[in-house]
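>>> okay, predicted coordinates and the sequence, questions at the end:
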Amino acid sequence: MTFDEEIAEGLAVPTDGWDFSWFTGRATEERPGWGYVRLCAERLGGVDTVLDVDTGGGEVFAEALGRAAHVPGTVRATEGWAPNHTLASAALAPFGGAVTLLDDDDAPLPFADGTFGMVMSRHPVSFPYTEAARVLAPGGTLLVQEVGAGSNRGLYEFLMGPQENQDAEYLDRLRARVSGVGLDGVLLRDALTRVEFFDLAAVVHFLRKVLWTVPDFSVEKYHDRLRTLHDHIAEHGSFICHSRRTLVEARKV
């Protein structure tokens with residue numbers, strides 16, 4: 001396809017939810033070796049109350065619940081985007097789940113202290129560790145997979161130029177943040193995973209869907225760099241960068 005055709009296709013794909021099946025054959029991303037959904041399913045089998053923060057379309061939470069040996073009696077989630085709230089409500093309905101729409105990312109979690117035996121989240125925009133610690137019950141488990149510092153740096157610096165780099169200090173800052181809210185037994189696991197884009201439409205759709213990669217992204221603003229990226233893929237067959245994923249496990253004493 002031509003440059004303009006690939007741009008048009010990337011702009012036409014809906015961005016609702018966290019279903020990435022459209023990328024099949026167009027892009028690939030390695031998964032961290034720890035298996036987030038598997039870990040969640042294992043831990044869900046041992047709790048009666050669970051909260052998923054920033055659930056997106058609920059797809060990942062629903063998959064973990066479906067794999068669990070026991071579905072908690074109380075299944076709750078939060079989401080900040082109305083279209084995703086609708087998708088998540090439908091995805092979690094078979095498990096008796098209820099999804100709360102939060103209009104403000106900085107709003108307190110609308111749950112009482114010590115409500116949940118487990119609080120989880122996969123790829124939150126900004127995870128509220130203080131609030132998570134508050135709503136966790138004593139002995140409760142925190143399990144969060146963060147998008148680590150510098151994730152897809154190769155892609156966003158290709159478009160934006162060199163950016164501030166504090167990647168080396170990231171894990172120490174994260175550990176201090178989690179420990180500082182009163183959680184214990186903090187375990188961090190970190191992985192760089194290969195990401196490969198095989199056409200420009202996939203890049204455009206990805207940047208529209210994963211907004212924090214290039215926060216001010218628009219085709220108009222990055223038109224020239226996108227054309228250069230199109231030429232790079234045509235010459236090399238793909239564009240390769242690396243995502244970063246960090247697993248945070250902790251408990252409340």
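Now that the structure is in, tell me what you want to look at.
>>> now the strands for this structure?
With DSSP state E, the ranges of strands along the chain come out as 27-29, 49-52, 74-79, 98-101, 116-122, 136-147, 183-197, 239-252.
>>> in stretch 74-88, what counts as buried?
75-81, 84-88 (16 or more other Cβ atoms under 10 Å). (Each C-beta comes from the backbone N, C-alpha and C, glycine too.)
>>> coming back round to it: make a markdown table out of the strands of the chain and add mean pLDDT and distance to residue 9.
Output for those, formatted as a markdown table (pLDDT from 0 to 100; distance: least, Cβ to Cβ, whole Å):
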| stretch | mean pLDDT | distance to residue 9 |
| --- | --- | --- |
| strand 27-29 | 97 | 13 |
| strand 49-52 | 98 | 32 |
| strand 74-79 | 98 | 27 |
| strand 98-101 | 98 | 31 |
| strand 116-122 | 98 | 27 |
| strand 136-147 | 98 | 25 |
| strand 183-197 | 97 | 13 |
| strand 239-252 | 98 | 16 |
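>>> okay if I get these as JSON lines plus distance to residue 60?
Listed next are the strands of the chain as JSON lines, based on distance: least, Cβ to Cβ, whole Å:
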{"stretch": "strand 27-29", "distance to residue 60": "14"}
{"stretch": "strand 49-52", "distance to residue 60": "8"}
{"stretch": "strand 74-79", "distance to residue 60": "10"}
{"stretch": "strand 98-101", "distance to residue 60": "13"}
{"stretch": "strand 116-122", "distance to residue 60": "5"}
{"stretch": "strand 136-147", "distance to residue 60": "9"}
{"stretch": "strand 183-197", "distance to residue 60": "16"}
{"stretch": "strand 239-252", "distance to residue 60": "13"}
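>>> out of those strands, which comes closest to residue 212?
Residue 212 lies closest to strand 136-147 among these, at 7.5 Å (Cβ to Cβ).
>>> what number of residues lie near residue 121?
Applying the criterion other Cβ atoms under 10 Å, we find 25 residues in the vicinity of residue 121.
>>> report the contact partners of it.
Residue 121 makes contact with 52-55, 127, 144-145, according to Cβ atoms under 8 Å, 6 or more residues apart in numbering.
>>> could you dump the residues you listed into TSV and include neighbour count?
Shown next, in TSV, are these (neighbours: other Cβ atoms under 10 Å):
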residue	neighbour count
52	30
53	23
54	22
55	31
127	21
144	23
145	25
